[in-house]
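sequence plus predicted model, see below.
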Amino acid sequence: MPQLTADMILVMVMIGIAVFLFIVEWLRVDVVAILMMVTLPLLHLVTPAEAFSGLSSNAVVSIIAVIIIGAGLDRTGVVNRLVGPILRVAGSSQSRIVIFISLTVAGISSFMQNIGAAALFLPAVQRISKNLKIPISKLLMPIGFSAILGGTVTLVGSSPLILLNDLMAPFKLKPFGLFDVTPVGLALVASGIACFVFFGRFILPGGKGEEHSPAAEERQEENQVMDELGRPWELTTPQDFTHYREPVTVDELRRRYLVNVVALVEPPDFKILGPAPDQEIRSGVDMVVYGQEKDVRRMAQEEGIALKEGLEVFKGELAEHASGTVEAVVAPRSSLVGKTLNQVDLAERFQVTPLAVYRQGITYRAELGQLPLRVGDAILLHGTWKRLELLHGEGSLLFTTPLDAEQLRPEKALFAGIWLAVALIMVIVFKIQLSVCLMTGALGMIITRVLTIDEAYQAVDWRTVFLLGGLIPLGIATEKTGTAAWIAHTVLNAIGTVEPIVLLAVIGLLATVFTLVISNVGATVLLVPLVVNMALAAHTDPRMAALVVGLATSNSFILPTHQVNALYMGPGRYRSVDFMKAGSVVSIVFLVVMTAMLYLFY
Amino acid sequence: MPVIIVSADDFQQGREIAHRVAGVLGYRFLGRDLLARVAQEKQVSQQDLARALDEPPGLLSRRSRRQRLLSEIEAACLEQLLEDNVVAYGLAAHLYVRGVSHVLKVRIINEPEQRANILAQTGNIPLERARKLAQRQTGGERRWSQDAYQLDQTDPSLYDMVLSLGTLEQDKAVEIICDMVGYRKFQPMTYSRKCLRDKALAAQVRLALMERFPDIRVEANDGTVVAYIQSLKKDQRKKQEQVRQMAGELPGVRHVEVHVIRDYFGQAAQSSR
Amino acid sequence: MSGNLQVLLLDDEPIVGRRLKPALAKIGCEVEVFENPEQALIRLGQKEFDVVVTDIRMDEIDGMQVLQFVRERWPRTNVIMITGYAMMSLAREAMEKGAFDFIAKPFKPDDLRRVIAKAARALGSEIDFDAAEVEKANG
Amino acid sequence: MAIITISRGSYSKGREVAEKVGSRLGYAVVSRDVLLGASEQFHIPEVKLVRAIHDAPSILDRFSHGRYCYLAYIQSALAERAVNDNLVYHGLAGHLLLKGVPHVLKVRIIADLEARVAAEMKREGLSQGQARELLLRDDAERRKWTQNLYGVDPWDASLYDLVIHINQLTVDDAVDFIVQAASRECFQSTPESQQKMEDLALACRVKAALVKDDCVDVAVTSQFGNVMVYTKQGDRRSHRLEDRVKPLVKRIPGINHLEVRTGQPFPPEAC
């Protein structure tokens, strides 16, 4: 039984301060982490070297490398190609997407490190959010949690479970098989996903649960605008389309059917994006229009134009990476105020097509040209990113949707894929340390010019790096000073001899609390010998007690201290409160399900 | 009313007949005077233009420059022919105006012996040498038209009518031509005018683009210009854009379609049909 | 009303009549459209039209036959030939047989309107082609 | 194949001319029964309708928006008939109610005051002074009315394609003129002009429905069935207008799309 020392108290005070600051957010979480990084060595709780060892830790380097790899994949369009099939299977319903991706991530994460699986899916999830206009905060947290939960499905899914058999060896306990934990793990994954599917709207930020937040409202309205606008349709005019009739122009189709032609072919194969209103539509050409289904179908029928299943000829030009739709707001003191779109003539000058104007909850689609613009009017524009960028540069319009004008390099997709495969093979086949494998992949991408080193630097999210880097010394301090051990002993002694199920629950709770502050590996190493002894004393199965530790160290949802949570915090624009809200629900469910499953099955 | 194009083996004789036909019908005579105008407008030498029309290709002459000069003449001549009631002579129009129903094409020839006589007289040379000269000239004409337009201009099937001065008086020839013009089948109509307009437009476009795209081939159909250019795949879009822009600026052009040819030889074979 | 120009339009492609009829109505022509040459000939036997517009290549009866029939039956009527297979020889043949004009398909409504206006002028009844143009520009 | 509107003063033989033109061309002739039709359609007592088009605005102003509403009904009723083409309309304002349609021949028939006075005396059994005074007042009212509603003077000859002074010509002469003019190509209905007519009728239908629903001070246009409702009201009220307008899409056939615009000047062709 270790004695409570001044250092231990100091460590507990520091943990208290950190948690307090996480909650009140007077400082941003990553700044809190840096604060810890600096304060702990000053208080001589860790050595200076240990204080910054977090920055070079396996986890942090892995995250840096995996973000670079992700950026490379995104920039070469690999992610887009990956997203396509996902959406085809999952459709566009939010819960179906959450379920589908979560299951996939959990599956992957059950065989590789959680952080790796989570990071791989980050760009894909960001794409999906952008494409389907689902707030990213609705997607990332369930997926991140699933990645963590997926680590409990097999014995190699997370570091604590990998360690478990080694830690049990001194006690001559029978080791666990690879799939011994699978039933519990699957139940945990299922219950985690179920939590979000059923309670997602209450526990996730930015949803209906916060109807009063203006941002959420805006989102919904934006979706509505997109619905009214319809989607792109590709059509082909018949060979005799122009015969024996007056020329049909882009403008005429818009006036007659409220259908906007955004791209069309001039024979033989010259593709025009953002055609001028007086552009003629020729015979036997392909074109892409934006419009509501009923309007497009009416046009196709009356004009005898064939409607295609999906984009074919313009698949490349109108792909996400080349062009898109943005919402541009007329800025105060903009030169456009009071002018009509006819006078501004965006189509001619910038080759972008205004699809609709959105003013105070009303969408205007007809006779846009005559509408005098006011401050605050949102114009939905379609065009290539390059053209939209030009318009943006002109400064009279504010773009609410960020421009996606990064240069894409689809021709490098093969290299990106190869280096990803190299990294994964190194991890799975050769069992080399994760950070080394991933950094090899990242370096390979940079050398093969999938992305430049500067782009790689820009892609790295420093918030994540410092958040993790700063929490690691806190964990070191907790262990080194014996604080963790003291707490464990104290707690376990305090409860005395109880029913096995209560004991398991308490062990689970303890492991959960530990894993929130110190690393999951540290918590496991610390707790397993303790609980095995306790279980033996209490005549409970010691293997179960050890397993509870191994599993519960993955129950790290309440604070953004788990690597996966730290990674997703920035992109998802989450606050600590969000994690507490959703995380506490999931954590409680986790404990209940885990205890129940263990009790029932073993 | 129709357009008449006269071609002759003897320049002076042909010119005289064409001139007289124009006089009888009250038509405009379009002859070598046009070259002076082209020379002035396009800043080229009139001699060079005439030489491009007359001289058989030499080993040393630069073909591309000759083709360019001929294109200048072709474009200018076609523009003139758009207005009816014209007799054209000496501008090689019989080689580039084909398939236009209201254009009456007449070839005036002499018997070989007669031609030798004329040459002997005008050149003041012995008859024997004149005979050889006549033969050489015919060969030269053939070679010239083959080289410039891939056609043999001595081939009678190019013409609606071949009049031999060996059997006809000049007066009679003039009379026959004037009679022919009255036939209904030589009257202009919407289709034939369109054909001629298309040719004129194609010639204008080709001329405008020739410098930048020497091997360009141009067709026109009712304001729609179809250009065939050669390009490597990587410059394709740039070149297409360039042609579209350059051609699109010309008057009378409504649409530009740019086809890119990769198979150079196959297409060359096709273009000479 | 009898003041309007009476036009018979014969083409076995339905799209031609469908699209040209309204275009000709715009300049005040009363148009009867036929897709079957035999029926057209029957009608031509009954009524004198001012202008007949006929396709040349049709399955049962050739446009040239229609031309000859009309030339014999109604010498005053102007016949305009339209064809997708325009060639110099065919054009000359049609003109020789007395066609008023010859147009290559496909064409714009304006092309035909212009020819019909010319035919109307030849018949001594002026078509206000420009008025229709002006109206179009204004409308 | 045309629509003829004949504008006339009282006792200027306009009715006679209109009816003869109608029978000569085989066209339907419409005047007051348009108004009647309107009143059946909208359940408005006929008296009020007549007054709307006839009386000076000062009288009508006593009704709330009365004149405005009634005009919307009348215009709608007339447009409904005109869609079927081949129509002779006689009476006031026909030429104004069918504006923007190309194949409308707009005729005005005028007669000397003295002749009209004589005709009225004969028909109504009035003294010359009474008749004259009545006619002058009638004319003044019509003039005031047109000016007030449309900002144009019905006496202005430039509003018409044809102005016929009946005294120097017989009724049959006038009919000849009109029939001849109506046969001109530019007055023949074409697919384009018919489309405009249909759009006008649709716009009128929407406006009449809105007016009935107490939405006044709106203007309506239609282009290929895409209907625009213009209002000068502020944004707040326009939202309420939007709520009233949206159900019309289902109620009135032929509407492809419907939008409400605020703060935009009424387009000249709007009804």
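Nice, I can see it. Numbering: from 1, shown residues only, chains lettered A, B, ... in the order given.

and whichever residue of the stretch 151-273 of chain B sits closest to chain A, bridged to which residues?
Among all residues of the stretch 151-273 of chain B, B:E257 sits closest to chain A, at 4.7 Å; criterion: CB to the nearest CB. The C-beta positions use only the backbone N, C-alpha and C, and glycine is treated the same way. Partner residues in beta bridges with B:E257, using DSSP bridges, are B:V226.

isn't it right next to A:S283, touching?
No: between B:E257 and A:S283 there is no contact under CB atoms under 8 Å: 11.6 Å.

what domains does the record give for chain B?
Taking automatic domain parsing as the reference, chain B has its domains at B:3-186, B:190-271.

still on that earlier bit, distance of the residue of the stretch 151-273 of chain B closest to chain A from B:R244?
In this structure, B:E257 and B:R244 are 9 Å apart, going by CB to CB, to the nearest Å.

what is in contact with these two at once?
Common contact partners of B:E257 and B:R244 (CB atoms under 8 Å, 6 or more residues apart in numbering or on different chains): A:E266, A:F270.

top helix in chain A by residue count?
helix A:576-601 (DSSP state H).

where does pLDDT dip in chain C?
Along chain C, segments meeting pLDDT under 70 span C:1-3, C:126-139.

give me the residue from it nearest chain D.
For chain C, CB to the nearest CB, closest residue to chain D: C:G28, 3.2 Å.

ok, the stretch 51-200 of chain B next?
Closest point on the stretch 51-200 of chain B to chain D, by CB to the nearest CB, is B:T190, at 21.9 Å.

centroid-nearest residue for chain C?
Nearest residue to the geometric centre of chain C (CA atoms, centre = their mean): C:V53, 2.1 Å.

what strand or helix carries that residue?
strand C:51-55 (DSSP states H and E).

neighbouring contacts of that strand?
In contact with strand C:51-55 (CB under 8 Å, 6+ apart) are residues C:5-13, C:16, C:20, C:29, C:37, C:40, C:44, C:63, C:66-67, C:70, C:77-84, C:100, C:105, C:112, C:116, C:119-120.

ok, and the closest non-adjacent residue to the residue of chain A found nearest chain B?
As assessed by CB to the nearest CB, chain B sits closest to A:P267 within chain A, at 4.7 Å. What sits nearest to A:P267 in space, not counting adjacent residues and going by CB to CB, 6 or more residues apart in numbering or on different chains, is B:E257, at 4.7 Å.

number of nearby residues for the one you found?
Residues lying near B:E257 (other CB atoms under 10 Å in any protein chain shown) number 21.

kindly report the same for C:I15.
C:I15, neighbours per other CB under 10 Å, totals 16.

using the three-state scheme, assign it.
Secondary structure, DSSP: H, G, I helix; E, B strand; the rest coil: C:I15 is helix.

I'd assumed A:T242 was in contact with it.
No: C:I15 is beyond contact range of A:T242, at 11.1 Å (criterion: CB under 8 Å).

how about the contacts made by the residue nearest to A:P267?
Counted by CB under 8 Å, 6+ apart, B:E257 has contacts A:E266, A:P267, A:P268, A:F270, B:T224, B:V225, B:V226, B:A227.

how much space between the first one and A:F241?
Shown here: A:E266 relative to A:F241, a distance of 13 Å by CB to CB.

and the pLDDT at residue 104?
Just going to use chain A. On the pLDDT scale, A:T104 is placed at 83.

please go with chain D instead
87.

for the longest helix of chain A, name the packing helices and strands.
helix A:6-24, helix A:136-150, helix A:182-203, helix A:500-517, helix A:542-552, helix A:563-572 (3 or more CB pairs under 8 Å, 6 or more residues apart in numbering or on different chains; DSSP states H and E).

which of the ones you listed sits closest to A:F601?
The closest of the helices and strands packed on helix A:576-601 to A:F601 is helix A:182-203. By CB to CB, the value is 5.8 Å.

who's in contact with that closest one?
So helix A:182-203 is contacted by A:95, A:98-99, A:102-103, A:106, A:110, A:138, A:141-142, A:145-146, A:149-150, A:152-154, A:157, A:204, A:207-209, A:547, A:551, A:581-582, A:585-586, A:589-590, A:593-594, A:597-598, A:601 (CB under 8 Å, 6+ apart).

could you check the angle it makes with helix A:542-552?
40 degrees (axes from the mean of the first three to the mean of the last three CA atoms, to 10 degrees).

CA atoms only for helix A:182-203, dumped as PDB, please.
The C-alpha trace of helix A:182-203 is given here as PDB (Å, rounded to 0.1, in the frame of the first residue of the first chain):
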ATOM      1  CA  THR A 182     -15.500 -10.900 -29.800                       C
ATOM      2  CA  PRO A 183     -19.000 -11.400 -28.400                       C
ATOM      3  CA  VAL A 184     -18.400  -8.600 -25.900                       C
ATOM      4  CA  GLY A 185     -16.700  -6.400 -28.400                       C
ATOM      5  CA  LEU A 186     -19.500  -6.800 -30.900                       C
ATOM      6  CA  ALA A 187     -22.100  -6.000 -28.300                       C
ATOM      7  CA  LEU A 188     -20.200  -2.900 -27.400                       C
ATOM      8  CA  VAL A 189     -19.900  -1.700 -31.000                       C
ATOM      9  CA  ALA A 190     -23.600  -2.400 -31.600                       C
ATOM     10  CA  SER A 191     -24.700  -0.600 -28.500                       C
ATOM     11  CA  GLY A 192     -22.400   2.300 -29.200                       C
ATOM     12  CA  ILE A 193     -23.800   2.700 -32.700                       C
ATOM     13  CA  ALA A 194     -27.300   2.200 -31.400                       C
ATOM     14  CA  CYS A 195     -26.800   5.000 -28.900                       C
ATOM     15  CA  PHE A 196     -26.100   7.400 -31.800                       C
ATOM     16  CA  VAL A 197     -28.800   6.200 -34.000                       C
ATOM     17  CA  PHE A 198     -31.400   6.500 -31.400                       C
ATOM     18  CA  PHE A 199     -30.200   9.400 -29.300                       C
ATOM     19  CA  GLY A 200     -27.900  11.000 -31.800                       C
ATOM     20  CA  ARG A 201     -30.100  14.000 -32.200                       C
ATOM     21  CA  PHE A 202     -30.000  14.700 -28.400                       C
ATOM     22  CA  ILE A 203     -26.400  14.000 -27.600                       C
END
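
now the angle between helix A:136-150 and it, please.
160 degrees.

run the chain-centre distance for helix A:182-203.
Distance of helix A:182-203 from its chain centroid, counting by CA atoms, centre = their mean, to the nearest Å, is 18 Å.

in that helix, what's buried?
A:182, A:184-189, A:191-193, A:195-197, A:200, A:203 (16 or more other CB atoms under 10 Å in any protein chain shown).

which SS state does A:E234 fall under?
Criterion first, three-state DSSP; result for A:E234: strand.

what's near enough to touch the residue lying closest to it once chain neighbours are set aside?
Among residues not flanking A:E234 along the chain, A:K308 sits closest, at 4.5 Å (CB to CB, 6+ apart). Applying CB under 8 Å, 6+ apart to A:K308 gives the contacts A:W233, A:E234, A:L235, A:T236.

just among the contacts of B:E257, which is most surrounded?
B:V225 (28 neighbours).

I'd guessed that one sits against B:V205; true?
Yes: with contact defined as CB under 8 Å, B:V225 counts as touching B:V205 (5.2 Å).

joint contacts of those two?
Common neighbours of B:V225 and B:V205 (CB under 8 Å, 6+ apart) are B:V218, B:A247, B:V253.

for chain C, state which of these is nearest.
Proximity of the shared contacts of B:V225 and B:V205 to chain C (CB to the nearest CB) peaks at B:V253, which lies at 15.8 Å.
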